[in-house]
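Asker: Take this sequence and fold it.
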Amino acid sequence: MKYAVQKPSWRHGEARRKLPVPFSWLRFLLLLLCSLMLFHLLALLVSASGASSGASSSVSSGASSGASPGASSGASSGTVYVVTATFPRPEQEADLLRLAQTLMHVPFVHWVVVEDAKVKTQTVVELLSRCGIRYVHLLGKLPEEMRAQPHWGRVPRGVSNRNTGLRWVRQHATDGVVYFADDDNTYDIRLFPELQRTRRVSVFPVGLVSRQGVSSPVVKDGRVVAFFDGWIGGRKFPMDMAGFAVSVDWLRQNPEAEMPYKAGYEEDGFLKALNIGRDELEPLANNCSQILVWHTQTQKVEPFERTNLADFVDTNIVYLTKHLMQKTR
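Answerer: Numbers count the residues shown, from 1 in each chain. The predicted model follows:
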């Protein structure tokens, strides 16, 4: 007796209907297992890729800053205390606003704003309260005797502010870095992660200083060997105020270090009081080959004239005029 052999049909859907039920469940479980294994493999690949990228970034960051003395080990990774000396004037709010717009992008900054004034300027109070930056607002008025007896005809403006800021940092911080950021300079966002690498005293170039165009340490083989500045003036450290940073630890180890009331020699006096040698300075910014801060002085504005507001009652001009007059004290 002959039996007819039925050939399998591979038309769409037909094979599925003729397969036994247990085989369908087995195929489903196999597919599920394969999918889980594939998902796990992809997760491992992504994790490995992220770790590789992080390691690459870390190496790149270290290389870009040069082989400064000890800068790659033991450096601070904490808060950068940005001490800004300011005083009431027509340009004050605009200058502080511009600086705030930069600092808003740096999450590890603590802004120490010190005014040379008897009372805090209301526009500064309002600006600091809305900018979203960690801050402290202090008063550091210049002593009248220093104002009455200027050095070389120049009032040492900013010294009382910065010394007040230094005292506050010594009292409230144990780690991190101190940097003096004047409100009328321009700062590259890349500067602030560089500052975190400071172990004792770090240094870097400042653009638009003097007719030479830049004030900078002279770096050779990763070490500071001299200084390039438009005015040496017998200074041991002929540098701009924006061209160095100090670790909080080193500042606390030198509790008497502060800026002298001597116009033109504030930086030099402070750095000498920190008991640091030239060969111990730590060059940042790719061995001081990059300019990350610029000495862009704001054009001075003459004091505003008082306006007769009788013709502007119940208008916005009254508010605007009173707002601007706060800066002329």
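Asker: So which residues make contact with the helix or strand in which residue 113 is found?
Answerer: With elements taken from DSSP states H and E, the one containing residue 113 is strand 109-115. The contact list for strand 109-115 (CB atoms under 8 Å, 6 or more residues apart in numbering) reads 79-88, 96, 100, 103, 121, 124, 128, 133-140, 161-162, 164-165, 168-169, 173, 176, 192. (C-beta placed from N, C-alpha, C; glycine too.)
Asker: Give me the buried entries from the residues you listed.
Answerer: Among these, the ones that count as buried by 16 or more other CB atoms under 10 Å are 79-88, 96, 100, 103, 121, 124, 128, 133, 135, 137-138, 140, 161-162, 164-165, 168-169, 173, 176, 192.
Asker: Out of the contacts of strand 109-115, list just those in strands.
Answerer: Those of these mapping onto strands are 80-86, 134-139, per DSSP state E.
Asker: Domain map for this structure?
Answerer: Using automatic domain parsing, the domain parsing of the chain gives 80-200+236-278, 303-329.
Asker: where's the longest one relative to the chain centroid, distance-wise?
Answerer: What it means is domain 80-200+236-278. Centroid displacement of domain 80-200+236-278 relative to its chain, using CA atoms, centre = their mean, to the nearest Å, is 13 Å.
Asker: pLDDT averaged over that domain - what is it?
Answerer: Domain 80-200+236-278 carries an average pLDDT of 95.
Asker: Could you number the chain from 5 rather than 1 from now on?
Answerer: Yes, from this point I'll number from 5; that puts the last item at domain 84-204+240-282.
Asker: Let me see the ranges of the helices in this structure.
Answerer: All helices of the chain, identified by DSSP state H, fall at 18-22, 25-68, 96-107, 126-134, 148-152, 163-176, 195-199, 252-257, 270-277, 289-292, 320-329.
Asker: Against which helices or strands is the third one packed?
Answerer: Counting by 3 or more CB pairs under 8 Å, 6 or more residues apart in numbering; DSSP states H and E, the packing neighbours recorded for helix 96-107 are strand 84-90, strand 113-119, helix 126-134, strand 190-191.
Asker: Ok, which of those comes nearest residue 275?
Answerer: strand 84-90 (15.1 Å; CB to CB).
Asker: Reformat the domains of the chain as TSV; add distance to residue 216.
Answerer: Putting the domains of the chain into TSV (distance: least, CB to CB, whole Å) gives the following:
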stretch	distance to residue 216
domain 84-204+240-282	11
domain 307-333	33
